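>>> can't give you the sequence, but here's the structure:
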């Protein structure tokens with residue numbers, strides 16, 4: 001598993017509430033949901049780093 005890097009992310013309050021609700025609906029943590037959203041966007045755009053299929057324990 002690749003090493004994870006922490007960073008600060010500022011989101012508008014309504015967007016954060018929507019992500020938290022979506023995460024709860026999907027039985028994921030908020031962080032896990034954000035990782036999933038980003039991974040899906042990268043996959044859709046064909047921008048996943050080489051060697052990554054997009055499969056993870058977050059799917």
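Nice, thanks for sending it over. Only a predicted model underlies this, so the values are computations on that prediction, with no experimental measurement involved.
>>> where does the chain have low pLDDT?
53-59 (pLDDT under 70).
>>> so for the longest helix seen in it, what gets flagged as buried?
The single longest helix within the chain, with elements called by DSSP state H, is helix 30-44. Across helix 30-44, burial judged by 16 or more other Cβ atoms under 10 Å covers 33-34, 36, 39. All C-beta spots, glycine's among them, are computed from the backbone N, C-alpha and C.
>>> turn these into CSV, columns for distance to residue 24.
Formatted as CSV, the buried residues of helix 30-44 follow (distance: Cβ to Cβ, whole Å):
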residue, distance to residue 24
33, 9
34, 13
36, 13
39, 19
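>>> roughly how far apart are residue 6 and residue 37?
Distance from residue 6 to residue 37, counting by Cβ to Cβ, to the nearest Å: 17 Å.
>>> repeat for residue 3
In this view, residue 3 and residue 37 are 20 Å apart by Cβ to Cβ.
>>> again with residue 50
Residue 50 sits 21 Å away from residue 37, going by Cβ to Cβ.
>>> again, but for residue 22
Residue 22 is 8 Å from residue 37, where distance means Cβ to Cβ.
>>> now do residue 45
13 Å.
>>> next, show the common contact partners of the two.
Between them, residue 45 and residue 37 share no contacting residue under Cβ atoms under 8 Å, 6 or more residues apart in numbering.
>>> just checking, what packs against whatever helix or strand residue 21 lives in?
Element membership of residue 21, judged by DSSP states H and E, is helix 13-25. Counting by 3 or more Cβ pairs under 8 Å, 6 or more residues apart in numbering; DSSP states H and E, the packing neighbours recorded for helix 13-25 are helix 30-44.
>>> ok, back up a step: relative to helix 13-25, how tilted is the longest helix of the chain?
Angle of helix 30-44 versus helix 13-25, following axes from the mean of the first three to the mean of the last three Cα atoms, to 10 degrees, is 90 degrees.
>>> how far does helix 30-44 sit from the chain's center?
Put simply, helix 30-44 sits 3 Å off its chain's centre (Cα atoms, centre = their mean, to the nearest Å).
>>> give the other helices and strands that that helix contacts.
helix 13-25.
>>> and the helix it packs on, how far out from the chain middle?
Worked out by Cα atoms, centre = their mean, helix 13-25 lies 12 Å from the chain centre.
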